[in-house]
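[1] Predicted model and sequence follow; I will ask about them next.
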Amino acid sequence: MPLSILWGSSALQLMHQKVGWKIVTIWTCSAIALVVTTAAVIYWLYESTRLTRKQLQRQVSLNMELRLARTICYFPFQICALAFATLVFPSTAYSLEMVMAIAASVVMGCLVQYYLQALGGGIKGNLSKTLLQKTPEMKWWMPSYLGGVNDMLPGMGFVYSKQPHSLALSDIHRATNLVEMFMWIYMITTAVQVGFSVFPMPVYQNKDGWCVQDEAMSSGLSTTILILQILSTFIGSAGFSIISSAAHHVYQELDPDNEFHFKRKGSVGSLYLQLPLLKVIIGLLPIQTKKVSIPVSVQTSETPLGGGNFTTSWTTLSCPVFDKSVCTPMIFCGVVTIFMAYLAVVQMRIYSPDEVFDEYLESVKSKLVEPPSESSSDEEVELCA
């Protein structure tokens, strides 16, 4: 049934009815995932607070990478809680999915900044260029089967990686812009869907017994949003694969013991990029059931009486609750809660609550040969003259 009909209703009101084992399984797994996510996030935040207490005794605030890590490790709880709230109150699906899209975009922005910090973004000088010179010469923008890492937009390799090369700052800037495009496309398309979902449209019962309403959004706009959401996953994944692979290869030489787990962080972080595509795929599944119905009053006619008075006629429809418009966001949010539980547990293990890149990079500077800066080159030319 249309989600607008369910305003004021919750899943708790349907528990006494025979909703079916599939719906119960989704609710149960999501509840367990929320508990696991909450426990993992609380544990990591406690350890982070305990281990960074000494740092706050000698400086005003925590290092940027520590603050970014806190945001990255906290947001799985927020997204999981929002997804579970959607399962309890299905009518809030569109609005809460928009908040989840914003939260996922915030995490991706933090992940990119986290990797840029690891590539010397927080240190002045030419350290970033020097670190990128540690990347192997390969066709980075090509797909993996052609010697690159960009499997989502392989066509870019024929423009930016015709020959093997080490990564340059321009490659990182381009990859960052792609992730930003993902963030904006995901948030804007979700906001448009929320805007059209609040339009009041008449409800009627079709010949198959399902309660439906006319779509406020035209089919052309709906198709455009669908395509943009699919593209956003491909665009964001292409950029993020370059950034995460850059940090992995740089620290593979600097960090033989793999203390920073950049490859694993990149693989689990890319789950956020799959959310728009996941939503589209689930929306194509024909999942619905007529086991549970609720009465819905619908106005059938309105007769003016003069003097500003009128009479209305109403009829009561028996509307199945779990049709496609309800089951699609339920399944999507159920999968999201499991994703967030997995992310929370894995990130609890691979994000050290007190790891600092600046101190580590300072300690390995002896392994690096920084290229001369442009200013120093100019000074040498003047001296020679």
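    In hand now; what should we look at?
[2] C-alpha from now on. contacts and neighbour counts both.
    Noted.
[3] which stretches of the stretch 151-300 of the chain aren't confidently modelled?
    258 (pLDDT under 70).
[4] Can you show me the helices along it?
    In the stretch 151-300 of the chain, the helices defined using DSSP state H, counting those that start in this stretch lie at 157-160, 169-197, 219-254, 262-269, 275-283.
[5] Which of the ones you listed sits closest to residue 76?
    Closest to residue 76 of these, according to Cα to Cα: helix 262-269, at 10.7 Å.
[6] Now do the contacts for the spatially closest residue to residue 185 that is not a sequence neighbour.
    In space, and not counting its chain neighbours, residue 185 is closest to residue 232: 6.2 Å by Cα to Cα, 6 or more residues apart in numbering. Residues in contact with residue 232 (Cα atoms under 8 Å, 6 or more residues apart in numbering) are 181-183, 185-186, 273, 276.
[7] Now with 10 Å, please.
    Shown in contact with residue 232 (Cα atoms under 10 Å, 6 or more residues apart in numbering): 178-186, 238, 273-277.
[8] do residue 281 as well
    Applying Cα under 10 Å, 6+ apart to residue 281 gives the contacts 230, 275, 328, 332.
[9] Can you tell me which of those residues is nearest residue 131?
    Nearest member of the contacts of residue 281 to residue 131, counting by Cα to Cα, is residue 275, at 31.9 Å.
[10] Could you pull out the strands in this protein for me?
    Per DSSP state E, the chain carries strands over the ranges 203-205, 211-213, 293-306, 309-320.
[11] Now do the buried residues in the third one.
    Which is strand 293-306. The neighbour-count check on strand 293-306 (16 or more other Cα atoms under 10 Å) flags residue 293 as buried.
[12] got it, and stretch 104-113?
    For stretch 104-113, the neighbour count (16+ other Cα under 10 Å) marks 104-105, 107-113 as buried.
[13] what's the answer for stretch 36-46, then?
    Of the residues in stretch 36-46, 36-38, 40-42, 44-45 count as buried by neighbour count, 16+ other Cα under 10 Å.
[14] any chance of those residues in JSON lines, plus pLDDT and distance to residue 209?
    Output for the buried residues of stretch 36-46, formatted as JSON lines (pLDDT from 0 to 100; distance: Cα to Cα, whole Å):
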{"residue": "36", "pLDDT": "97", "distance to residue 209": "39"}
{"residue": "37", "pLDDT": "97", "distance to residue 209": "39"}
{"residue": "38", "pLDDT": "97", "distance to residue 209": "41"}
{"residue": "40", "pLDDT": "96", "distance to residue 209": "44"}
{"residue": "41", "pLDDT": "96", "distance to residue 209": "45"}
{"residue": "42", "pLDDT": "96", "distance to residue 209": "46"}
{"residue": "44", "pLDDT": "93", "distance to residue 209": "50"}
{"residue": "45", "pLDDT": "92", "distance to residue 209": "50"}
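[15] among those residues, which two are most distant?
    Distance extremes for the buried residues of stretch 36-46: the farthest pair is 36 and 45 at 14.3 Å, using Cα to Cα.
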